[in-house]
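Asker: Just a sequence and a predicted model for now, questions to come.
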Amino acid sequence: MCGRYALTHSPESVENALGAVVEAFPPRFNIAPTQPILVVTSGPRRDPGSNQPDRAAMLVRWGFIPDWARDAGQFPLLINARSETAATKASFRAAMRHRRVLIPASGFYEWKRAGRKIAQPYWVRPRDGGVVAFGGLMETHSEPGGAEIDTAAILTCPANTQIAHIHDRMPVVVRPEHFQRWLDCVNNEPRDVADIMYPVDPGFFDVIPVSEKVNKVANTGPDIQETAEVPEPAGKTPPKDQLDLF
């Protein structure tokens, strides 16, 4: 699963990696559910002579709400969607068909468990240091009063052998050569992008043990990514937003 991640690259780096113009934003070292996150969508058609992809960037709430949910306050917090079942589950089916997005990140955090207890948090980042794009789903939820809120979830897949000793799930990583096919929901149905939703090869990420500072949403500085010694299991309680709901 993915319950926390970071986006610390510059807006220019994100633009170069994903091909969408983004507004300036500060480095974010500890992005948590319910916070606004940056997503890249298939955007309006550019000038015919442009060689740039048709993509747009926007901020949405991390915590997916299906369009049919009447009371968002009573609906479970859906931060992840299982790639194996997203095309058939009622909550994600429409978004999987019509609203696939890319979610730029510098890496993500994962917590190794010992039974129901936390053993160690890890910072998982691309080995080449670049921007990574998670596969995501977006939905616009209409509130009873007429207001609208854009929401998103990160797709997950079975963990590769590098991550499996920490957790059995990991985010879907969409490689650059698949960006256009992933975002093109007009010509590509879920079955046409199923081959994209597989774990990346072992070695794509570096896995770095970090301290328990990352457990607190209030800790947002770069120090939470500093390498820490791996302690003996201390029996700490996992952060409440680390629930593998779907």
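Answerer: Received it, and whenever you're ready, just let me know what you need.

Asker: lowest average confidence, helix or strand, in this structure?
Answerer: Across the helices and strands of the chain, mean confidence by mean pLDDT, DSSP states H and E is lowest for strand 117-126: a mean of 88.

Asker: Alpha carbons only: can I get the next helix or strand after that one in CSV?
Answerer: Next helix or strand after strand 117-126 toward the C-terminus (DSSP states H and E): strand 132-142. The C-alpha trace of strand 132-142 is given here as CSV (Å, rounded to 0.1, in the frame of the first residue of the first chain):
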residue,chain,number,x,y,z
VAL,A,132,8.4,8.7,-10.3
ALA,A,133,4.8,8.6,-11.5
PHE,A,134,2.3,6.5,-9.5
GLY,A,135,-0.8,5.3,-11.3
GLY,A,136,-3.8,6.9,-9.8
LEU,A,137,-7.6,7.3,-10.1
MET,A,138,-9.6,10.6,-9.8
GLU,A,139,-13.2,11.3,-9.2
THR,A,140,-15.2,14.6,-8.7
HIS,A,141,-17.6,14.3,-5.9
SER,A,142,-20.7,16.6,-5.8
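
Asker: What helices and strands are in contact with strand 132-142?
Answerer: Strand 132-142 sits against strand 36-42, helix 93-98, strand 100-105, strand 148-158, with contacts defined as 3 or more C-beta pairs under 8 Å, 6 or more residues apart in numbering; DSSP states H and E. (C-beta placed from N, C-alpha, C; glycine too.)

Asker: quick one: average confidence on the first one?
Answerer: Spelled out, that is strand 36-42. In this model, strand 36-42 has an average pLDDT of 97.

Asker: Also compute the angle for it relative to strand 148-158, please.
Answerer: Orientation check (axes from the mean of the first three to the mean of the last three C-alpha atoms, to 10 degrees): strand 36-42 against strand 148-158 gives 80 degrees.

Asker: how about strand 36-42: buried residues?
Answerer: Buried residues in strand 36-42, counting neighbours by 16 or more other C-beta atoms under 10 Å, are found at I37, L38, V39, V40, T41, S42.

Asker: Identify the residue nearest the first one in space, chain neighbours excluded?
Answerer: Yep, that's I37 we're talking about. W62 (4.6 Å; C-beta to C-beta, 6 or more residues apart in numbering).

Asker: Bridge partners for that neighbour, pull those for me.
Answerer: A152 (DSSP bridges).

Asker: can you pull the contacts of it?
Answerer: Each residue near W62 by C-beta atoms under 8 Å, 6 or more residues apart in numbering is listed here: I31, A32, P33, T34, Q35, P36, I37, I79, T151, A152, A153, I154.

Asker: Next, work out how far apart it and A86 are.
Answerer: Distance of W62 to A86, computed by C-beta to C-beta, to the nearest Å: 16 Å.

Asker: Pretty sure I103 sits against V131.
Answerer: No. Judged on C-beta atoms under 8 Å, I103 makes no contact with V131 at a distance of 10.6 Å.

Asker: Of these two, give the one with the bigger neighbour count.
Answerer: Taking neighbours as other C-beta atoms under 10 Å, I103 and V131 compare with I103 leading, 29 against 21.

Asker: Go ahead and confirm D206 touches G129.
Answerer: No. Under the criterion of C-beta under 8 Å, D206 makes no contact with G129, lying 9.0 Å away.

Asker: Between those two, which is the more surrounded one?
Answerer: D206 (15 against 11).

Asker: Go ahead and list the helix or strand containing the more buried one.
Answerer: Assessed by DSSP H and E, D206 sits inside strand 205-209.
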